[in-house]
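Student: Give me a 3D structure for the following:
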Amino acid sequence: MITEPSGWRKSSRSAQQTSCVEVGRVADGAAVRDTKNRATGYFTTTGPQWAAFVGAIKTGRYDR
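Tutor: The predicted model follows:
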C-alpha cells in the first residue's frame, strides 16, 4: 500500500539556504524531496534505512 507523504519539514539548521531537502512521513519510513523543485517528486526509505542514515549523520560519517 502506497500512501502520500505528510508533514513535510525542512531542517531548522537550513535557515535561508535554498539548497535543501525536505523530509515527510510515510507509513513505514520517510520521504525526501528537493525544496527548490518539489514538483519533481520524492523518494522513500524504510524506517530502518532512515534510522541508519540519520545515525550515520549524527556520528559524523559524512562530514568533510
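
Student: List the strands paired with the helix or strand where residue 31 lies, with their directions.
Tutor: Secondary structure assignment for residue 31, by DSSP states H and E: strand 29-34. Taking DSSP bridges as the criterion, strand 29-34 forms sheet pairs with strand 21-26 (antiparallel), strand 43-46 (antiparallel).

Student: Please identify which of these is closest to residue 37.
Tutor: Evaluated with CB to CB, these place strand 21-26 nearest to residue 37, the distance being 10.7 Å. No exception for glycine: its C-beta is placed from N, CA and C like everyone else's.

Student: Helices along the protein, start to end?
Tutor: Assigned by DSSP state H, the chain shows helices spanning 47-58.

Student: follow-up on the earlier one: most packed of the strands paired with strand 29-34?
Tutor: strand 21-26 (a mean of 16; mean count of other CB atoms under 10 Å).

Student: ok, residues contacting that one?
Tutor: For strand 21-26, contacts defined as CB atoms under 8 Å, 6 or more residues apart in numbering pick out 3-10, 30-35, 38, 42, 44.

Student: how far away is residue 37 from residue 22?
Tutor: Using CB to CB, to the nearest Å, one gets 11 Å for the distance from residue 37 to residue 22.

Student: how far is the strand holding residue 31 from where the chain is centred?
Tutor: Here strand 29-34 is found 4 Å from its chain centre; the criterion is CA atoms, centre = their mean, to the nearest Å.

Student: same thing with stretch 34-42?
Tutor: 12 Å.

Student: and what of stretch 39-58?
Tutor: Taking the mean of its C-alpha atoms, stretch 39-58 sits 6 Å from the chain's own mean (CA atoms, centre = their mean).

Student: same question for it, mean pLDDT?
Tutor: Averaged across stretch 39-58, pLDDT comes to 94.

Student: Tell me the span between the first and last residue of it.
Tutor: Terminal residues of stretch 39-58 lie 29 Å apart, using CA to CA, to the nearest Å.
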